[in-house]
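A.B. asks: For reference, the sequence and a predicted model appear below.
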Amino acid sequence: MTTSIAAASGTYLLGGEFTINRLGYGSMQLTGPGVWGEPADPDEAVRVLRRAVELGVNFIDTADSYGPFVAERLIKKALHPYAADLVIATKAGLTRSGPGDWRPVGRPEYLRQQAELSLRHLGLERIPLFQLHRIDPLVPLADQIGELALLQGEGKIGHIGLSEVSVADFDAANAIAPIAAVQNLYNVANRASEELLDHVASRGVAFIPWFPLATGKLAEPGGPLAAIAERLEVSASELALAWLLRRSPVILPIPGTSSVSHLEQNMAGATVELSDADFAALSAAAG
C-alpha cells in the first residue's frame with residue numbers, strides 16, 4: 001500500500017491555514033472499553049498512529065475525555081516531535097466519571113484548564129483546532145465560546161470548532177467567534193445532520209463526521225451498499241468512506257480503529273471512485 005494513499009482523498013484548507021488530506025484518523029478507539037483507561041495493547045496503538053501517518057494521514061482528531069487523556073498521551077508517545085504538516089485537533093467540554101459516562105461542563109475556567117492540559121499532554125505549543133465537545137446548557141454560550149476566543153487570542157489554540165450542534169447553535173457561536181469546523185454524527189446510513197452539513201458547506205466551514213463507517217441495514221445481504229461493494233470488490237467500510245468524500249468537499253472523515261490491518265482497509269476508501277449512478281443509489285437508499 002503506497003504511503004500517499006490518504007492524499008487520494010483530496011485536500012482541504014482548514015481555517016484558511018492548514019492544508020490537510022481529507023481522510024484523517026480519529027483516536028477514540030485507542031482507549032479501553034467504554035472509552036475509559038488504557039488500551040489492551042498499547043504497542044499496537046502506537047503502531048496504528050505511526051502507520052496512519054505513513055499512509056499520508058496528516059489530520060488526527062482526539063479529545064481530553066478519551067481515556068481521559070489516554071489518547072492524547074498515546075499520540076505524543078507515537079508521533080512527537082510532530083511532522084510539520086501534521087494537524088492535531090482535540091476537544092474539551094465533556095467530563096468523565098467512569099466507562100461510557102459523559103457529562104458536559106463548559107465553565108470558562110474548566111475549558112481553559114483542559115486546554116492547558118491538552119497542550120501539555122500532546123506536547124504542543126498551539127493546538128491547531130480546539131473543539132467544544134458539547135455545549136453546556138447551564139453556561140451561557142457567550143462564556144464558553146468567549147473563553148475559547150481568549151485562548152485563541154493568546155496563541156494557545158489556532159481555530160475553534162464545535163461538536164454535536166444544530167444550525168442555530170452554529171450561527172449563535174459563529175456570531176461570537178469564527179467557527180472553523182463542526183463535528184456531528186453523520187454517515188451513509190444516518191443523515192440527521194444533513195441540514196447542518198449543507199449550512200456550513202455553503203460557508204466553507206469543515207464538517208467532520210463522527211461514526212463515519214456506520215452502514216446500518218444498507219450493508220445487509222441484498223442491500224444497496226452490499227451490492228455495490230461486491231461489484232466494486234471493496235468493503236462496506238471503504239464504500240461508506242468513499243460516499244462521504246464524494247458527498248461534499250468540506251467533509252473530513254476520521255475513521256478510527258485500534259488495528260493496523262483495519263486502518264489500512266479504511267485508508268483504501270480514499271481510492272474508491274464512485275460513479276454518479278452508484279453515488280445516487282447510495283444517497284437515495286438511506287431512510
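C.D. replies: Yep, it's here.
A.B. asks: Out of the helices and strands in this protein, which is least certain?
C.D. replies: helix 224-232 (a mean of 89; mean pLDDT, DSSP states H and E).
A.B. asks: Would you agree residue 144 falls within a strand?
C.D. replies: No - read with DSSP: H, G, I helix; E, B strand; the rest coil, residue 144 is helix and lies in no strand.
A.B. asks: Skip the chain neighbours and tell me the closest residue to residue 282.
C.D. replies: Excluding the flanking residues, the one nearest residue 282 by Cβ to Cβ, 6 or more residues apart in numbering is residue 243, at 5.1 Å. In short, each C-beta sits where N, CA and C put it, glycine included.
A.B. asks: hang on, isn't the one you found packed against residue 269?
C.D. replies: No - Residue 243 is beyond contact range of residue 269, at 9.1 Å (criterion: Cβ atoms under 8 Å).
A.B. asks: now the helices for the stretch 101-250 of the chain?
C.D. replies: 108-122, 141-153, 167-174, 194-201, 224-232, 236-247 (DSSP state H, counting those that start in this stretch).
A.B. asks: I figured residue 65 hits residue 102, correct?
C.D. replies: Yes - using Cβ under 8 Å, residue 65 makes contact with residue 102 at a distance of 6.8 Å.
A.B. asks: hmm, back to that, could you check the angle the least confident helix or strand of the chain makes with helix 236-247?
C.D. replies: Between helix 224-232 and helix 236-247, the angle comes out at 100 degrees (axes from the mean of the first three to the mean of the last three Cα atoms, to 10 degrees).
A.B. asks: Can you pick out the residue with more neighbours from residue 65 and residue 102?
C.D. replies: Higher neighbour count among residue 65 and residue 102: residue 65, with 27 against 14, using other Cβ atoms under 10 Å.
A.B. asks: List the contacts of the closest residue in space to the more buried one that isn't next to it in sequence.
C.D. replies: In this structure, residue 65 finds its nearest non-sequential neighbour in residue 94, 4.6 Å apart by Cβ to Cβ, 6+ apart. Contacts for residue 94 (Cβ atoms under 8 Å, 6 or more residues apart in numbering) come out as 63, 65, 102-105, 133-134.
A.B. asks: distance of residue 94 from residue 101?
C.D. replies: 10 Å (Cβ to Cβ, to the nearest Å).
A.B. asks: list the contacts for residue 267?
C.D. replies: Counting by Cβ under 8 Å, 6+ apart, residue 267 has contacts 1, 5-6, 23, 52, 55-57.
A.B. asks: Return a ChimeraX selection command for the buried portion of the residues you listed.
C.D. replies: The ChimeraX command for the buried members of these (criterion: 16 or more other Cβ atoms under 10 Å) is given here:
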select :5,6,23,52,55,56,57
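A.B. asks: Adding distance to residue 281, secondary structure and pLDDT, write the contacts of residue 267 out as CSV.
C.D. replies: Listed next are these as CSV, based on distance: Cβ to Cβ, whole Å; DSSP: H, G, I helix; E, B strand; the rest coil; pLDDT from 0 to 100:
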residue, distance to residue 281, secondary structure, pLDDT
1, 28, coil, 48
5, 25, helix, 95
6, 26, helix, 96
23, 22, coil, 98
52, 30, helix, 98
55, 29, coil, 97
56, 29, coil, 97
57, 29, coil, 98
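A.B. asks: now the contacts of residue 267 as JSON lines including distance to residue 166?
C.D. replies: Below are the contacts of residue 267 laid out as JSON lines (distance: Cβ to Cβ, whole Å):
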{"residue": "1", "distance to residue 166": "39"}
{"residue": "5", "distance to residue 166": "35"}
{"residue": "6", "distance to residue 166": "31"}
{"residue": "23", "distance to residue 166": "26"}
{"residue": "52", "distance to residue 166": "31"}
{"residue": "55", "distance to residue 166": "34"}
{"residue": "56", "distance to residue 166": "33"}
{"residue": "57", "distance to residue 166": "30"}
